[in-house]
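Student: Just the structure for this:
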Amino acid sequence: MLEEKDVLIVEDDPVFRVMLSGFLKSQGCHVREAENGLEGLRALRENIPDVLLCDLAMPVLTGMEFVEEVSVQYPMIPIIVISGSGDMADVASALRLGVKDFLVKPLNNIMVLKSAMLSVLKLHDSVVDSGDFSSQWVSIDDETVIDEELEWHIEELKANPRASRELLMGLMPDTESSLGNWRLNYCVLQSADVQPVLLDYTWLIDGRLAFYLVDSATGDENGTATTLLIRAFFNDYLRNRMSSETNSQGLVKVIENGMKSSGYASPVRAIFGVFDATDNSISLSSAGLAAGLQTSDGNYAIQGQNWLGNKAGNNESVRLKLAKSGGRLSLSEIGSASFSVTFKRIA
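Tutor: From the prediction side, this is the model:
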């Protein structure tokens with residue numbers, strides 16, 4: 001429960017701040033208050049709370065600037081944003097900064113806050129030794145799913161395809177990124193009438209790049225929630241297991257186990273890959289999406305196999321060698337969309 005938990009509230013609205021504080025104190029919490037982001041940072045230097053609650057629209061230091069600073073200086077603190085904005089761009093920005101939940105003012109039922117905090121703290125207790133607060137949806141060690149993160153708007157996203165698309169597009173990473181002598185960039189052309197193909201990627205410290213693409217439209221009304229679940233698993237897997245993996249098959253199996261446990265995920269088409277800059281190799285695991293790899297040495301076809309969520313863990317992965325200059329991975333059979341990812345040597 002919430003007894004004896006330390007909570008910091010960073011909120012410029014005194015009425016709402018007092019309401020939150022009063023409720024949390026009634027639940028046995030130790031509460032501190034700050035009326036803007038600058039005061040919030042000062043409070044964090046004095047003591048690290050169990051949970052941080054903050055607004056986005058604040059003076060002196062905006063809520064998003066505050067969250068970004070906290071994510072850098074205090075990555076161990078779980079953050080719940082309570083904002084008057086339900087704009088999907090704000091939600092996406094907050095999630096990219098590692099926020100654990102996003103609640104919208106006014107809180108018609110204050111118990112929603114209690115539920116969100118209990119979920120955050122449950123995950124905190126299970127990983128306190130490692131300091132990893134990466135996702136409310138997945139506990140990577142036992143491959144089970146906690147259905148609390150973003151619960152407030154999953155039903156809304158089902159009923160509002162436009163909001164779903166805005167959220168997923170807001171989660172797309174930078175179109176260009178470099179590490180050492182290699183650069184990744186992607187080019188996408190997608191119809192505004194369908195749910196998008198989402199790309200996510202991360203450069204690893206050992207010179208590898210892990211990435212995936214998922215066609216959210218193939219998950220029907222659960223496509224957005226399923227895509228967000230995949231994103232949570234991907235990030236957790238990289239933090240906890242990727243250092244010992246040489247390809248993406250283990251990731252596919254973990255995601256499928258989580259999808260089965262979630263109770264709402266739908267099979268979707270995806271493809272996962274690991275590019276190794278040390279030897280110019282790329283490991284690809286198709287989970288329904290077909291693709292073509294083009295290099296100066298030749299072209300290779302990657303056949304679409306079982307969909308993710310439908311025994312994709314049994315699919316075969318392939319390891320190919322890129323030319324010294326790099327190569328381009330292009331998706332095929334994704335309706336009206338066109339998507340390519342280029343790996344290029346720049347020196």
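Student: Every contact and neighbour count from this point should use C-alpha atoms.
Tutor: Will do.
Student: Quickly list what residue 300 is bridged to.
Tutor: Legend: beta-bridge partners of residue 300 under DSSP bridges are residue 293.
Student: Could you verify my assumption that it touches residue 293?
Tutor: Yes - contact criterion CA atoms under 8 Å: residue 300 and residue 293 qualify, at 5.1 Å.
Student: Just want to know which of those two has more residues nearby.
Tutor: Set side by side, residue 300 and residue 293 show more neighbours around residue 293, with 20 against 13, by other CA atoms under 10 Å.
Student: Run through the helices of the stretch 101-250 of the chain in chain order.
Tutor: With DSSP state H, counting those that start in this stretch as the criterion, the stretch 101-250 of the chain has helices at 111-127, 151-159, 161-170, 223-240, 249-262.
Student: Of the ones you listed, which is nearest residue 197?
Tutor: helix 161-170 (8.6 Å; CA to CA).
Student: Tell me the residues that contact both of residue 300 and residue 293, please.
Tutor: Shared contacts of residue 300 and residue 293 (CA atoms under 8 Å, 6 or more residues apart in numbering): none.
Student: Please enumerate the strands of the stretch 1-150 of the chain.
Tutor: Along the stretch 1-150 of the chain, counting by DSSP state E, counting those that start in this stretch, strands occupy 6-10, 30-34, 51-54, 79-83, 101-104, 138-139, 144-145.
Student: ah, wrong one, I meant the stretch 201-347 of the chain
Tutor: 208-215, 269-276, 281-287, 290-295, 298-302, 317-321, 326-332, 338-345.
Student: Given the first one, what are its sheet partners and their directions?
Tutor: Just to be clear, that refers to strand 208-215. When pairs are called by DSSP bridges, strand 208-215 turns out to pair with strand 197-203 (antiparallel), strand 269-276 (antiparallel).
Student: need the contact list for the nearest residue to residue 96 once chain neighbours are set aside.
Tutor: Of all residues not flanking residue 96 in the chain, residue 171 sits nearest, at 6.7 Å (CA to CA, 6 or more residues apart in numbering). Residue 171 makes contact with 92-93, 95-96, 198, according to CA under 8 Å, 6+ apart.
Student: Just name the closest of these to residue 31, please.
Tutor: Lowest distance from residue 31 to the contacts of residue 171 (CA to CA) belongs to residue 95, with 24.6 Å.
Student: What's the separation between that closest one and residue 68?
Tutor: Remark: distance between residue 95 and residue 68 (CA to CA, to the nearest Å) = 11 Å.
Student: now swap in residue 89 and tell me
Tutor: With distances taken as CA to CA, residue 89 is found 15 Å from residue 68.
Student: who wins for most neighbours among the contacts of residue 171?
Tutor: residue 198 (23 neighbours).
Student: Next, the contact list for the closest residue to residue 33 other than its chain neighbours, please.
Tutor: With sequence-adjacent residues excluded and distances taken as CA to CA, 6+ apart, residue 33 is closest to residue 9, at 4.9 Å. The neighbours of residue 9, taking CA under 8 Å, 6+ apart as the test, are 17, 20-21, 31-34, 52-54.
Student: And for residue 309?
Tutor: Applying CA under 8 Å, 6+ apart, the residues near residue 309 are 255-256, 259-260, 266-268.
Student: out of these, who's nearest residue 102?
Tutor: Checking the contacts of residue 309 against residue 102 by CA to CA gives residue 259 as the nearest, at 22.0 Å.
Student: Excluding sequence neighbours, find me the nearest residue to that closest one.
Tutor: Leaving out its chain neighbours, the residue that sits closest to residue 259 by CA to CA, 6+ apart is residue 265, at 5.4 Å.
Student: Report how many residues lie close to residue 299.
Tutor: 12.
Student: cool, residue 102 as well?
Tutor: A count of nearby residues for residue 102, using other CA under 10 Å, gives 28.
Student: which residues sit in contact with it?
Tutor: Here residue 102 is in contact with 80-83, 91, 94, 150 (CA under 8 Å, 6+ apart).
Student: Dump those residues into CSV; add distance to residue 44 and pLDDT as well.
Tutor: What follows is the contacts of residue 102, written out as CSV (distance: CA to CA, whole Å; pLDDT from 0 to 100):
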residue, distance to residue 44, pLDDT
80, 15, 91
81, 16, 91
82, 18, 90
83, 20, 85
91, 24, 79
94, 19, 81
150, 26, 48
